[in-house]
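A.B. asks: Sharing a model that was predicted from the sequence below.
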Amino acid sequence: MDLFASLGLGFSVALDPVNILYCFIGVLLGTLVGVLPGIGPTATIAMLLPITFSLNPETALIMLAGIYYGAQYGGSTTAILINLPGESSAAVTAIDGYQMARQGRAGPALAAAALGSFFAGSVATFLLAAFAPPLARAALNFGAPEYFSLIVLGLLVSIALAHGSIIKALGMIVLGLLLGMVGQDIYTGTPRFTFGLRELFGGLNFVAVAVGVFGIAEILRNLENEHEREVGVKAVKNLWLTRDDLRRIIMPVLRGTGLGSILGVLPGGGHILSAFASYSAEKRLSKNPGEFGKGAIEGVAGPESANNAAAQTSFIPLMTLGIPAHPVMALMIGAFILQGITPGPNVINEQPALFWGIIASMWIGNLLLVVLNLPLVGLWVKMLSIPYRVLFPAIVLFACIGTFSINQNVYDIYAIAFFGIVGYLLIRFGCEPAPLLLGFVLGPLLEEHLRRAMIISRGDPMIFIERPISATLLIMALAAVLVAVLPSIRRRRAEVFVEDD
Amino acid sequence: MKTVVKMLAASLVAGSAFSVAAVMAQDYPTQPVTIVVPFSAGGPTDTVTRLVAAAMSEDLGQQVVVQNVGGAGGTLGAGQVAAAANDGYTLLLHHIGMSTAPALYASLPYDPMTDFAPIGLVTEVPMTMVARKDFEPATLEDLIAYVKENGENVTYANAGIGAASQLCGLLFQDALETKLTEVPYQGTGPAMTDLLGGQIDMMCDQTTNTTSQIQAGEIKAYAVTTPERIAVLPDVPTMAEGGVENFNLSIWHGLYAPAGTDPAIVERLTQALQAALADETVGNSFAELGTYPVPASEATPEALAEKLEGQTALWAEVIAAAGVSAQ
């Protein structure tokens, strides 16, 4: 079956009125849970799984997929408006998106995120349709050494996340790495930094840490002075992108889409890197890197595109090989099985209507999301005019309920409180939370892949250099360091990392 | 005077509690029942639970909700149910890990034998010894010879301490009196990814995860770990056929209530479990996963208690011999 006939079959499934309806329900629910801080797609899909029993397999999976990528859209909304990222990719959006909101430019930030996401989603869906099997095969060449080198590269280039002191940024990354160590070591079972608490064996919950250091810390900062309190947005300048904004986001969206599409295919953690990588790239390539961290629209459009592209292409390993790239995809595997379909290499041949139907529905879902979200921009921005004394307890409450709903672990709520205070102290000391989160997310992956690679090579570190993909990535990482220390560029960097404290 | 009032009050409270309990057992269930799965959503145990829960809802006439309480190798969720009210509204569906936890964890906050009221066995999922598709040995005999000769040069993927895949590897190394290089992963999903990519040599995992990959020819299957061949993989021999005696391993799943649950409620739940296991949809879905519901004779409190006891003793021995500990 050639591509067009397949896509024709897919659209005939996806355009079925029932399927369109459930696709819409899915993306709407996804947007809502993405907007509510803390409640993520994992919890939502887990809760809705039983409801999908009675539906056709196509309809059920179209809806569940919609929840997932809908949540990617919605997650950026709270990150931009109230500095409350629900997942790692939205943490990047919060850096410049929230600054834009503080300057009264929440509308353009939300619009840039929505348009960038739509474009990226469309391109990534096309990639999924055209090249899924070969892309998945290529991704299997990534073993532990390759992932290790990729993460090293990611960490080294993302020093650019900081807009203040580079030493403090490094310190934050190291602190994040250490926080990522909390929990049971999977290799030996030894609990680390758990203080004997069984609840900490699984490690710190990302959502709890993110909600704490970003959202709660920001609330504390806002509350410290009754009179100078910011109410999010002082004056909403305009809701829509100006011609200049549009011109500025075109290239970041294109680059973000490219980066995200590639990284999303890698099942060992590539999708996590996509938003961080895009932000770093945009800051490096920008003519005005000093604007980043102070409300640069490129810093919203790029990572949001990358994040959404990766969300779509992370379906590739699932749909073609039956392997999950992250917890949501693991849940999708459960959904397939409950529908009597065992995900694996045979799905594309045995269930063509299902396979192509889901792909076609993703494009329709992305379109629905834009139609749904652009009119909502005005509504979201209005939300900021709610008096702060009403808004902030609601934010704290929703964040706690959402976070608790993931694992029913009360320690996650303690973690929110603890990291809220930590985050506040960090703000006071002029340290930024984004590099801390990056370290927290990538630290465990870095350790896991390093140790696995060393076990497989039986202790021989040459494995990182002998394997061509790994070697190439390490050379790129070395180049990134060299570029940073070269004297001529150093002068320019002095301008990039203006100390602002 | 005071004491008399106290005694009166106490007898009143006790009396009403008694009658409430009697009424509860008769009408049970009057509200949704929660089954705690001590693993994350989407995994094999979760899938088994959701299939059974849906069918049990029909028999009980009440919604049966599945709640995932993952972490610490299943001991967090199990501990939560052990401490839950024994009113029959909080249950636990746990697998073989119930019997290995005492050997793996030095300080468990509960005792698997005394803190639970068994309801019945649910399913016994066979396991398969698989390898990357270009792995040298052609047959099970070749594999055994190859592994004995190459020992630690063979890499074996498992899903971490106490996982089914690790237990299978322990038994295998024990039986062959050799040592492999064990490579732990965060779950068998990532392990399967590396097996498909040829990054690692071998793995042993439940048929729920391996059947579709074996049928598609993406990985090689050498043996099943059950005494008999299994229907979905008729060409795959048993370990005994390859000369490995006494290798019997299946990932058995059991349903438990907290200890002290009214026997009448336990009986009602056993009945609902048996009805669910006889359900055609459940049978078909299980078959799709390469497993089968246990017969009604084993979906009983007695059968589960016996299984738990025997397995706890077995694993205490194997795990101590291997020197594995989760703490």
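C.D. replies: Nice, I can see it.
A.B. asks: how about the residues of the stretch 151-300 of chain B that lie near chain A?
C.D. replies: Residues of the stretch 151-300 of chain B lying close to chain A by CB under 8 Å from any CB of the partner chain are B:152, B:155, B:160-162, B:181-187, B:189-190, B:192-194, B:196-200, B:208, B:211-213, B:215-216, B:218, B:284-285, B:288-289. Every C-beta, even on glycine, is put in place using the N, C-alpha and C of the backbone.
A.B. asks: hmm, try it at 7 Å
C.D. replies: By CB under 7 Å from any CB of the partner chain, the residues of the stretch 151-300 of chain B that approach chain A are B:155, B:160-161, B:181, B:183-184, B:186, B:189-190, B:192-194, B:196-197, B:199-200, B:211-213, B:216, B:218, B:285, B:288-289.
A.B. asks: Buried ones among these?
C.D. replies: Burial by neighbour count, judged by 16 or more other CB atoms under 10 Å in any protein chain shown, picks out B:155, B:160-161, B:183-184, B:189-190, B:192-194, B:196-197, B:199-200, B:211-213, B:216, B:218, B:285, B:288-289 from those.
A.B. asks: List the ones among these that fall in strands.
C.D. replies: Using DSSP state E, B:Thr155, B:Val183, B:Pro184 are the members of these that sit in strands.
A.B. asks: Dump those into JSON lines; add distance to B:Pro263 and pLDDT as well.
C.D. replies: Formatted as JSON lines, those follow (distance: CB to CB, whole Å; pLDDT from 0 to 100):
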{"residue": "B:Thr155", "distance to B:Pro263": "50", "pLDDT": "95"}
{"residue": "B:Val183", "distance to B:Pro263": "46", "pLDDT": "92"}
{"residue": "B:Pro184", "distance to B:Pro263": "42", "pLDDT": "88"}
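A.B. asks: closest to A:Leu266 among the residues you listed?
C.D. replies: B:Val183 (18.9 Å; CB to CB).
A.B. asks: ok, now which ones touch the closest one?
C.D. replies: Residues in contact with B:Val183 (CB atoms under 7 Å, 6 or more residues apart in numbering or on different chains) are A:Arg452, A:Ile455, A:Ile456, B:Thr155, B:Tyr156, B:Ala157, B:Ile200.
A.B. asks: do that again at 10 Å, thanks
C.D. replies: A:144, A:187, A:451-453, A:455-456, B:155-158, B:191, B:194, B:199-203 (CB atoms under 10 Å, 6 or more residues apart in numbering or on different chains).
A.B. asks: Over to A:Val174?
C.D. replies: So A:Val174 contacts A:Pro435, A:Leu436, A:Gly439, A:Gly443 (CB under 10 Å, 6+ apart).
A.B. asks: can you tell me the helix or strand for it?
C.D. replies: Element membership of A:Val174, judged by DSSP states H and E, is helix A:166-180.
A.B. asks: how distant is that helix from the center of its chain?
C.D. replies: 19 Å (CA atoms, centre = their mean, to the nearest Å).
A.B. asks: list the contacts for residue 322?
C.D. replies: Here I'm looking at chain A. A:Gly322 touches A:136, A:333, A:336, A:341-347, B:189, B:192-193, B:196, B:209, B:212-213, B:216, B:218, counting by CB under 10 Å, 6+ apart.
A.B. asks: try again with chain B
C.D. replies: Counting by CB under 10 Å, 6+ apart, B:Ala322 has contacts B:Ala103, B:Gln166, B:Leu167, B:Gly169, B:Leu170, B:Leu171, B:Gln173, B:Asp174.
A.B. asks: Mark which of these are buried, thanks.
C.D. replies: B:Ala103, B:Gln166, B:Leu167, B:Gly169, B:Leu170, B:Leu171, B:Gln173.
A.B. asks: Let me know the average pLDDT across stretch A:430-446.
C.D. replies: The average pLDDT for stretch A:430-446 rounds to 83.
A.B. asks: That stretch near chain B at all?
C.D. replies: Yes: with CB under 10 Å from any CB of the partner chain as the criterion, chain B is reached by stretch A:430-446 at A:Pro444, A:Leu445.
A.B. asks: could you pull out the strands for the stretch 151-300 of chain A?
C.D. replies: A:183-184, A:191-192 (DSSP state E, counting those that start in this stretch).
A.B. asks: Share the number of residues neighbouring B:Val122, please.
C.D. replies: 29 (other CB atoms under 10 Å in any protein chain shown).
A.B. asks: how near is it to B:His253?
C.D. replies: 4 Å (CB to CB, to the nearest Å).
A.B. asks: what do these two both touch?
C.D. replies: Counting by CB under 10 Å, 6+ apart, the residues touching both B:Val122 and B:His253 are B:Thr45, B:Val48, B:Thr49, B:Val52, B:Leu93, B:His94, B:His95, B:Thr291, B:Val294, B:Leu304.
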